[in-house]
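Trainee: sequence and computational prediction follow.
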Amino acid sequence: MLRRVAPSLRRAILTSSAHGRAGAQLTEPGLSPRHALLPQWRLCSSAASTNSPPPPPPPPSSPPQGTPRPAGGSTVSSLNPAEVAKFAAIAETWWDSEGPFKPLHLMNPTRLSFIRSTLCRHFRRDPNSSKPLEGLKVIDVGCGGGILSEPLARMGATVTGIDAVDKNIKIARVHAASDPSTASIEYFCTTAEDLVKENKQFDAVISLEVIEHVANPSGFCESLSALTVPNGATVISTINRSMRAYATAIVAAEYILNWLPKGTHQWSKLVTPEELVLILERASISVQEMAGFVYNPLRGEWSLSDDLTVNYIAYGMKKVETPSESN
Ligand SMILES: C[S@@+](CC[C@H](N)C(=O)[O-])C[C@H]1O[C@@H](n2cnc3c(N)ncnc32)[C@H](O)[C@@H]1O
Ligand SMILES: [Mg+2]
């Protein structure tokens with residue numbers, strides 16, 4: 001069923017409705033047989049639908065400083081040394097909008113539009129405000145040189161950026177310091193799992209184009225969840241493990257157009273939207289909305305779409321554990 005979310009875009013909202021696409025087998029190890037079929041999808045409008053439940057209205061709920069919390073998260077490192085080395089080798093190019101990160105620079109306005117609209121709805125903020133994220137603690141996990149962290153800070157968020165590559169963090173710090181509107185961003189060379197051990201939590205946890213580069217996607221998502229306050233928001237983007245993604249995001253982007261260094265993405269490490277939903281569900285994140293990114297080569301622009309077959313983004317809400325669940 002297709003309904004419009006907004007005049008300019010339609011977005012896939014996860015439901016367990018009987019409508020939608022047929023199931024398929026999952027490859028994620030450790031998923032129980034009851035998860036063997038894909039969840040069903042339906043495209044509908046959160047505004048127009050009378051059948052679907054209203055979106056949750058959680059306010060920011062950072063616990064007071066010093067409150068002990070269960071750490072949760074993964075004890076397994078998310079670091080894949082080969083991936084970290086790949087990014088270290090091109091760290092100098094983060095702010096070259098014609099360099100290897102050109103696709104991310106081009107995608108930035110589109111992914112920010114998704115983040116702005118979902119976080120504003122989640123935290124009941126005015127998306128037309130100049131600083132709609134004011135007062136929210138946001139972490140950008142795998143921030144690279146800070147190309148997402150900076151606009152988040154300009155939207156008023158109190159931003160922490162972390163990355164496994166020290167060179168990235170140094171470049172991000174220097175770049176942010178050159179503008180008063182981004183100088184408050186705190187950057188650290190660390191991983192999500194190490195930050196969990198410090199009991200850090202954030203209203204919104206964002207990790208774009210990182211999960212396909214980590215050693216264990218499930219553990220990584222557990223750490224993202226542990227970093228998110230109960231009722232907080234988590235946003236993840238990545239590339240689907242589809243034949244179309246293989247043809248476009250790998251063969252075309254790396255071997256024909258030379259947009260990305262060869263070997264940037266390995267098809268077998270890509271995660272499908274259905275797998276991501278289940279991984280997040282197991283990590284206590286309930287996916288509320290997903291959208292695809294599609295590229296228009298004539299205009300050189302990306303836009304949001306309901307086509308999740310190549311690049312996609314998901315927004316979820318951290319569930320509040322009831323006492324019986326946490327035992
Ligand atoms: C494709 S870049 C995405 C950068 C940024 N999120 C963006 O979309 O603009 C992936 C980033 O993840 C970082 N990274 C890879 N593995 C990581 C891990 N286990 N923990 C934290 N960062 C990691 C890399 O150093 C790199 O900066
Ligand atoms: Mg990638």
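Mentor: Received the coordinates, thanks. Ligands and ions are numbered 1, 2, ... in the order given.
Trainee: who does the helix or strand hosting Ile313 touch, helix- and strand-wise?
Mentor: Assigned by DSSP states H and E, Ile313 belongs to strand 311-318. Packing contacts for strand 311-318, counted by 3 or more CB pairs under 8 Å, 6 or more residues apart in numbering; DSSP states H and E, involve helix 102-122, strand 228-239, helix 273-282, strand 285-296. C-beta here means a position set from N, CA and C on the backbone, and glycine is covered the same way.
Trainee: excluding chain neighbours, what is closest to Val210?
Mentor: Gly142 (3.3 Å; CB to CB, 6 or more residues apart in numbering).
Trainee: that older thread, which of the helices and strands packed on strand 311-318 has the highest mean neighbour count?
Mentor: Mean neighbour count, computed with mean count of other CB atoms under 10 Å, is highest for strand 228-239 among those, reaching a mean of 24.
Trainee: Tyr295 reaches Trp302, doesn't it?
Mentor: Yes - applying CB atoms under 8 Å, one finds Tyr295 in contact with Trp302, separated by 5.3 Å.
Trainee: between those two, what contacts are shared?
Mentor: Residues touching both Tyr295 and Trp302 (CB atoms under 8 Å, 6 or more residues apart in numbering): Leu106.
Trainee: now the residue nearest to Val210: how far from Ala283?
Mentor: Gly142 sits 17 Å away from Ala283, going by CB to CB, to the nearest Å.
Trainee: do the same with Met290
Mentor: Using CB to CB, Met290 is found at 16 Å from Ala283.
Trainee: around ligand 1, which positions in the stretch 101-250 of the chain sit nearby?
Mentor: By CB under 6 Å from any ligand atom, the residues of the stretch 101-250 of the chain that approach ligand 1 are 104, 142-144, 147-148, 163-165, 168, 191, 208-210, 213-214.
Trainee: ok, now how distant is the residue nearest to Ser242 when sequence neighbours are not counted from ligand 1?
Mentor: Counting by CB to CB, 6+ apart, Thr309 is the residue found nearest to Ser242 once chain neighbours are left out, at 5.0 Å. In this view, Thr309 and ligand 1 are 19 Å apart by CB to the nearest ligand atom, to the nearest Å.
Trainee: so how many other residues sit close to the residue nearest to Val210?
Mentor: Neighbourhood size, Gly142 [other CB atoms under 10 Å]: 24.
Trainee: what separation do you get for it and Val196?
Mentor: Going from Gly142 to Val196 by CB to CB gives 15 Å.
Trainee: do Phe188 as well
Mentor: Phe188 is 13 Å from Val196, where distance means CB to CB.
Trainee: more neighbours: which of these two?
Mentor: More crowded of Phe188 and Val196, by other CB under 10 Å: Val196, with 22 against 18.
Trainee: relative to strand 228-239, how tilted is the strand holding Ile313?
Mentor: Here strand 311-318 points in a direction 170 degrees away from that of strand 228-239 (axes from the mean of the first three to the mean of the last three CA atoms, to 10 degrees).
Trainee: what about strand 311-318 and ligand 1, touching?
Mentor: No - for strand 311-318, no contact with ligand 1 is found by CB under 6 Å from any ligand atom; the gap never falls below 10.5 Å.
Trainee: mind listing what's buried in that strand?
Mentor: By neighbour count on 16 or more other CB atoms under 10 Å, the buried set for strand 311-318 is 311-318.
Trainee: pLDDT of it, averaged?
Mentor: In this model, strand 311-318 has an average pLDDT of 98.
Trainee: now stretch 229-236
Mentor: Stretch 229-236 comes out at a mean pLDDT of 98.
Trainee: is it correct that Leu308 is in contact with Met290?
Mentor: Yes - with contact defined as CB under 8 Å, Leu308 and Met290 form a contacting pair (6.1 Å).
Trainee: nearest residue to Cys221 other than its sequence neighbours?
Mentor: Using CB to CB, 6+ apart, the closest residue to Cys221 is Ala283 (4.4 Å).
Trainee: report the contact partners of the one you found.
Mentor: Counting by CB under 8 Å, 6+ apart, Ala283 has contacts 218, 221-222, 224-225.
Trainee: separation between it and ligand 1?
Mentor: For Ala283, the distance to ligand 1 - CB to the nearest ligand atom - is 16 Å.
Trainee: per-residue confidence for that residue?
Mentor: 97.
Trainee: ok, Leu224 next?
Mentor: In this model, Leu224 carries a pLDDT of 98.
Trainee: tell me how many other residues crowd it.
Mentor: 31.
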